[in-house]
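Peer 1: Next come a sequence and a model predicted from it.
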Amino acid sequence: MNPYAYIRKQVVAMVGGLADDGIVPAGMDFANLAVEAPRDPSHGDVATNAALVLTKQARMKPRDIATPLAERLAGLEHVTAAEIAGPGFINLRLSDAFWRARLGDVLAAGPSYGDQDVAGGAKINVEYVSANPTGPLHIGHVRGAVYGDALANLLAKVGYDVCKEYYINDAGAQVDVLARSVHLRYREALGEEIGDIPEGMYPGDYLLPLAREIAARDGDKWRDLAEAEWLADFRRLSVDAMMDLVRDDLARLGIEQEVFFSEEGLHKEGGIERGLASLTDKGLIYTGVLEPPKGKTPDDWEPRPQTLFKSSEFGDDVDRPLQKSDGAWTYFAADVAYHYDKLQRGYLQMVDVLGADHGGYVKRLNAVVNALSDNQGTLDVRLCQMVRLLRGGEVVVMSKRAGNFITLRELVDEVGRDVVRFMMLTRKNDAPLDFDFEAAMEQSKDNPVFYVQYAHARIRSVLRRVGEELPDLSLTAENLGAADLSPLTDSAELDLIKQMASWPRALEIAAQAREPHRIAFYLNELASAFHALWNKGNADPSLRFIMADDLGTTQARLALIQGVAFVLASGLAVMGVEPVESM
RNA sequence: GCGCCCGUAGCUCAGCUGGAUAGAGCACCGGAUUUCUAAUCCGGAUGUCGCAGGUUCGAGUCCUGCCGGGCGCGCCA
C-alpha cells in the first residue's frame, strides 16, 4: 500500500462527507490536493494541504475547512493525531502498527516493491545513445547511455510499456568517410605502404581488424577498383562492424536495446517519402526562401528556394529545410520520417535522449511530432550535459584531433560498470557532471556507490551470519513477512520503515519528472538511515539486529533489514547496478 | 541579434509537478570502536535562493525585464 495515496483517498472522501453535510460546497476539484510527508518530521507522518487548496473554491477561510476536516480525520482508523498547523495544513500521525504493516508490504513484494501501474501500460519509446556508427563509444556517449537506460527502466517500473531504441545514423557522408578509411586500411593490410592517415579520414586502429578480415577473405579483389565499385559494399561492411563494436560497448554497461533503427533503411525503402507525404497531406510543406540567421550569417550564404516544413506553425522559430541544394534529403527530413515511423508503430509517447549540443533541435523535433500526430503524440527531448573527467581533482585532457578520447570501454574497464552507472546518475541530466576516477573508486561514505552497496552488503552479511548462528530461524521472505513485527518500537526502526514506505511515491515522482537521479538520492538517504540504525546497535547492544536470547525481536529486526535490502535492490535495479552480497 | 539550459551555504549539489523555520555532503571542530563488516555513526556554524518587479492565502519553484555563465543558430550528422 502507498500510505500517501491511501490517506489522500480518505481525505477526499472526508471532504465529500463534509459536502454531504452542507459544511463545504459540493463538486470541488481536488486536482491540487496533496498528501505528502512533511519536510519537518516533527510535523507528523503525513500532511495535507486540502484546506489551503480548497479555500478559494469553497470561498471559505482555510481554518474553517481544516477544523471540521481534522476532526473527522482524527477519527479514522490508524490516525492517532490530527493537528492544524501553519496557514491551514493538517498534520496526521499514524499508529506504529500501521507503519509496521507497511514493512509487511515490502516483504510481500520483495525486490519488486515499488512496481506500480500509474501509466496503465501506455506505450512509450525511449531512444538513446544513437551515436554515429563510425567507431567505438567514448566518454561523450556514456552519460546519455546510462541516463536513457535508467529512465527506460524507471518508466517500466511505474507501468509503461517501454521500448528501448537506438537510431543508427548510417546514411550520411560520414559513413562514406568511414568506408574510405576502411578501404585505406584494407590496402594497408594487403601490404601497401599508406603513410600517415590523411586529414578527414578516421585514424583509429579499431578499423584494422575489419580491414584485415576483408583482406583475408577477399584478397585484392577491391584494391584497384574505382571507388564507385567498392563504396557501397565497404559502407555496409563498415557499419555492420561498427555497430557490433557499439553493441559490445553497450553490453559492457549492461545496456541491451531492443530496436536498432537504420536511417539508411528509411532512405532505401521509401520511408522518407512516406513521412513527408504525411506532412504534405496536411499542407505543411512548401517551397520558399529562408532569411539568413541574424547575427551569424554564414560566409557563403546565398538565398535560394528550398523545400520547407512549416515548423513555425508548431512553435519553432523558423521553417526548416528538408532538401539540400543538390536535391538530397537533409538529416532533418530523415528525422521527420523516423518520428513518423515511431508514431506508426503506436508510440504516441516518445523520449529522445540527446547531447546538450543538440539543444537547438528540440523545437523542430517537437514541431514534427505535433504536426505528424495532430497534437496527439508527445515527444520529450531530454538533454544530457557534458561529463568532465577528473583524476584526483585534475582535469583529464582529451583532444579530438589527437584521437585520444577516453573510450567507454576504458572507463568501464578501469572503474567497473556499477560505478560508472551510479556516478552518471548522481546529477540531474541537464546539469554538468564531474566524474573523478579517484573519487569514484574511493571506499568511503563520500562515494555514494560504495555507500549504498555497503549498506546492502552489510544486511546480507547479517542474514548470512544468522543462518550460521541461529539455524532455527527461517529467513525466507514469507516467514519474515509473517513475523510478529511488534518488537519494532524504536524511533530509528520506525523511521526506516517510513522511509521505505515512501519508495513507491519516490519512484512515481522520479518517473514523472523523468529524472532517474532522484533514485540515487533516495537510495543514499535510505542507506544513511540504515547505517545510523546499525551504529545505534553498536552503542546500545539492545538495539542490535541479532539478539540470541530474544528470537522474536531478532526475527522482527531481520524482517526490517531484509525490507531495506529489498528496497535497495529495487532501486539499484532501476539504475542498472548490482546489489552486492559482500564487499 | 535570436532560441534553449543554468545561477541555492566557502566548495559540490538536492529541493517531491506553488507549501510551514530553504536542506544534504565536503571542508572545519569535537566525540563513539574488546563491532552485527568503524569501509560506519553522533554532535556543532553557515544563506540578500543572481538582481528588480508581478501573479496569490503562500514563490527557490510560475510570469516579465535586467545581470552573469554554457550550448546552439540553412546546403554537418
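Peer 2: Received, thanks.
Peer 1: give me phi/psi at A:F260?
Peer 2: The phi/psi pair for A:F260 (degrees, to the nearest 10) reads phi -110, psi 110.
Peer 1: Run a quick check on it versus A:Y166, I expect a contact.
Peer 2: Yes - taking Cβ atoms under 8 Å as the definition, A:F260 is a contact partner of A:Y166 at 4.9 Å. Bear in mind the C-beta positions are built from the backbone N, C-alpha and C, glycine included.
Peer 1: So between those two, which is more surrounded?
Peer 2: A:Y166 (23 against 16; other Cβ atoms under 10 Å).
Peer 1: which residues touch the more buried one?
Peer 2: A:E127, A:Y128, A:V129, A:S130, A:V246, A:Q257, A:V259, A:F260, A:F261 (Cβ atoms under 8 Å, 6 or more residues apart in numbering).
Peer 1: Let me know the closest of the residues you listed to RNA strand B.
Peer 2: Using Cβ to the nearest atom of the strand, A:S130 is the member of these that sits closest to RNA strand B, with 9.1 Å.
Peer 1: That closest one against A:I168, yeah?
Peer 2: Yes - look at A:S130 against A:I168 with Cβ under 8 Å: they come within range, at 7.4 Å.
Peer 1: Neighbour count: these two, which is higher?
Peer 2: A:S130 (24 against 21).
Peer 1: Look up the closest residue to that one, ignoring the ones flanking it.
Peer 2: A:Y167 (4.2 Å; Cβ to Cβ, 6 or more residues apart in numbering).
Peer 1: cool, and A:L526?
Peer 2: A:L526 sits nearest to A:Q499 (Cβ to Cβ, 6+ apart), 5.5 Å away.
Peer 1: tell me which element that neighbour falls in.
Peer 2: Following DSSP states H and E, one finds A:Q499 within helix A:491-501.
Peer 1: Tell me what angle the very next helix or strand once past that helix forms with helix A:491-501.
Peer 2: Sequence-wise, the next helix or strand downstream of helix A:491-501 (DSSP H and E) is helix A:503-513. Interaxial angle of helix A:503-513 relative to helix A:491-501 (axes from the mean of the first three to the mean of the last three Cα atoms, to 10 degrees): 40 degrees.
Peer 1: Now tell me what touches helix A:503-513 from outside.
Peer 2: A:2, A:4-5, A:36, A:113-114, A:116, A:118-119, A:154-155, A:157-158, A:160, A:516, A:518-519, A:522, A:526, A:567, A:570-571, A:574.
Peer 1: could you give me the average pLDDT of the very next helix or strand once past that helix?
Peer 2: Counting by DSSP H and E, the next helix or strand C-terminal to helix A:503-513 is helix A:517-539. For helix A:517-539, the mean per-residue pLDDT is 92.
Peer 1: Could I get the CA-only coordinates of helix A:517-539 as CSV?
Peer 2: Output in CSV follows, covering the C-alpha atoms of helix A:517-539 (Å, rounded to 0.1, in the frame of the first residue of the first chain):
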residue,chain,number,x,y,z
HIS,A,517,19.0,10.7,-10.5
ARG,A,518,16.3,11.1,-7.8
ILE,A,519,16.6,7.3,-7.3
ALA,A,520,20.3,7.7,-6.5
PHE,A,521,19.5,10.4,-3.9
TYR,A,522,16.7,8.3,-2.4
LEU,A,523,19.0,5.3,-2.0
ASN,A,524,21.7,7.3,-0.5
GLU,A,525,19.2,8.5,2.2
LEU,A,526,17.9,5.1,2.8
ALA,A,527,21.4,3.7,3.2
SER,A,528,22.2,6.5,5.6
ALA,A,529,19.2,5.7,7.8
PHE,A,530,20.2,2.1,7.8
HIS,A,531,23.9,2.8,8.7
ALA,A,532,22.6,5.1,11.5
LEU,A,533,20.5,2.3,12.9
TRP,A,534,23.4,-0.1,12.7
ASN,A,535,25.6,2.3,14.6
LYS,A,536,22.9,2.7,17.3
GLY,A,537,23.3,-1.0,17.8
ASN,A,538,27.0,-0.6,18.3
ALA,A,539,26.4,1.9,21.1
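Peer 1: What is the burial count for A:D240?
Peer 2: A:D240 has 13 nearby residues by other Cβ under 10 Å.
Peer 1: you'd agree it is in a helix?
Peer 2: Yes - per DSSP: H, G, I helix; E, B strand; the rest coil, A:D240 lies within a helix segment.
Peer 1: quick one: low-confidence ranges for chain A?
Peer 2: Within chain A, the segments meeting pLDDT under 70 span A:295-296, A:399-404.
Peer 1: In it, which residue sits closest to RNA strand B?
Peer 2: Closest point on chain A to RNA strand B, by Cβ to the nearest atom of the strand, is A:G537, at 1.7 Å.
Peer 1: Tell me the residues of the stretch 201-350 of chain A that contact RNA strand B?
Peer 2: Listed as neighbours of RNA strand B in the stretch 201-350 of chain A under the rule Cβ under 7 Å from any atom of the strand: A:263, A:290, A:292-296, A:298, A:300-304, A:306, A:317, A:321, A:324-326, A:330-332.
Peer 1: Out of those, which end up buried?
Peer 2: Among these, the ones that count as buried by 16 or more other Cβ atoms under 10 Å are A:E263, A:Q306, A:P321, A:T330, A:F332.
Peer 1: In TSV, list the residues you listed along with secondary structure and distance to A:Y347.
Peer 2: Shown next, in TSV, are these (DSSP: H, G, I helix; E, B strand; the rest coil; distance: Cβ to Cβ, whole Å):
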residue	secondary structure	distance to A:Y347
A:E263	helix	18
A:Q306	strand	30
A:P321	strand	26
A:T330	coil	23
A:F332	helix	20
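Peer 1: Just put those residues in CSV and tack on distance to A:V381.
Peer 2: Formatted as CSV, those follow (distance: Cβ to Cβ, whole Å):
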residue, distance to A:V381
A:E263, 18
A:Q306, 24
A:P321, 20
A:T330, 18
A:F332, 14
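Peer 1: Check those residues and tell me the two furthest apart.
Peer 2: A:E263 and A:Q306 (20.7 Å; Cβ to Cβ).
Peer 1: Could you work out the end-to-end span of stretch A:73-80 for me?
Peer 2: Start-to-end span of stretch A:73-80 (Cα to Cα, to the nearest Å) is 9 Å.
Peer 1: residues of that stretch that come out buried?
Peer 2: A:L73, A:L76, A:H78, A:V79.
Peer 1: ok, the residue nearest to the residue of chain A closest to RNA strand B when sequence neighbours are not counted - how many residues close by?
Peer 2: With Cβ to Cβ, 6+ apart as the criterion, A:G537 has its nearest non-adjacent residue at 4.1 Å, and that residue is A:R544. Neighbour count of A:R544, defined by other Cβ under 10 Å: 16.
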